[in-house]
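**Student:** Could you look at this predicted model? Sequence included:
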Amino acid sequence: MTTMELRNEQTLVLVKPDGLQRGLAGEIIKRFEARGLKIVGLKMVSPSEAHIKKHYLSTKEQLEGMGNKSLENLKNLGLDAMKILGTDSPMEIGKMINNWNFQFLSSGPVLAAVFQGPHAVEMTRKIVGNTLPFKAELGTIRGDFSVDSATLGNLRKRPIRNIVHASGTVLEAQREIKHWFKKQELFDYKRVDEDLMF
């Protein structure tokens, strides 16, 4: 990898409907910019459920993993998955959670952003914090603005409200950016502090 490739790493961030409805978009963008990442793409969209389904490439392992985590959380609280969710199949619970995600992310506008800079994917994941807000460190977006959990989501039959989505890997970021942005919607420019920061 060359220095230029490292400096130009890109990642996708989505401010979910709950983040927009709570007026957090400016604060969220500010955190990435303050860290030295630059916005190279930004738009508000109202995605269809079909668009969201293509964003999440669900695998058997991912679905069963979500289902098993939910089963474990409910068991630890002494709750019966059959009574709450109507099934104790990890795969079926995973599909149920995925459908809640599809419905929620297509329920209102989403702010889609592409940030660029060294280690953009890993840095962004640190800034947003743990997927489960109640486990996210204070100082992260999720740690500062949400206390939601998978258990609350399961009990209310909805996804975790964790404010943002951030790409998990460089390959995932590349695929997701192409899914949300056309090439002409991404811009190349230089921030005045780039040479000082990296």
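**Tutor:** Nice, thanks for sending it over.
**Student:** Give me the mean pLDDT for stretch 113-123.
**Tutor:** Mean pLDDT, stretch 113-123: 97.
**Student:** ditto for stretch 39-51
**Tutor:** pLDDT averaged over stretch 39-51 gives 96.
**Student:** try stretch 56-72
**Tutor:** In this model, stretch 56-72 has an average pLDDT of 88.
**Student:** Tell me which stretches of the chain form helices.
**Tutor:** All helices of the chain, identified by DSSP state H, fall at 3-7, 17-21, 25-35, 49-55, 60-76, 81-85, 90-105, 120-128, 141-145, 150-156, 170-180, 194-197.
**Student:** Check these for me: which has the lowest mean pLDDT.
**Tutor:** Across the helices of the chain, helix 3-7 gives the lowest mean pLDDT, at a mean of 72.
**Student:** Excluding chain neighbours, what is closest to residue 31?
**Tutor:** Among residues not flanking residue 31 along the chain, residue 127 sits closest, at 5.5 Å (CB to CB, 6 or more residues apart in numbering). C-beta here means a position set from N, CA and C on the backbone, and glycine is covered the same way.
**Student:** what does the model give the most centrally placed residue in the chain for pLDDT?
**Tutor:** Centroid check for the chain by CA atoms, centre = their mean gives residue 165 as the closest residue, at 1.3 Å. If you check residue 165, the pLDDT there is 96.
**Student:** Give the bridge partners for the closest residue to it other than its chain neighbours, please.
**Tutor:** The shortest distance from residue 165 to any non-neighbouring residue, by CB to CB, 6+ apart, is to residue 14 (4.1 Å). Residue 14 has these beta-bridge partners by DSSP bridges: residue 112, residue 165.
**Student:** quick revisit: from residue 160, how far off is the residue nearest to residue 31?
**Tutor:** 18 Å (CB to CB, to the nearest Å).
**Student:** ditto for residue 166
**Tutor:** Look at residue 166 and residue 160: by CB to CB, they are 14 Å apart.
**Student:** now residue 57
**Tutor:** Counting by CB to CB, the gap from residue 57 to residue 160 is 19 Å.
**Student:** between the two, which one's more packed in?
**Tutor:** residue 160 (23 against 11; other CB atoms under 10 Å).
**Student:** thinking the more buried one is in contact with residue 149, fair?
**Tutor:** Yes - assessed by CB atoms under 8 Å, residue 160 is found in contact with residue 149 at 6.9 Å.
**Student:** ok so, going back, give me the neighbour count for the residue nearest to residue 31.
**Tutor:** Neighbour count of residue 127, defined by other CB under 10 Å: 21.
**Student:** cool, and residue 187?
**Tutor:** For residue 187, using other CB under 10 Å, the count is 12.
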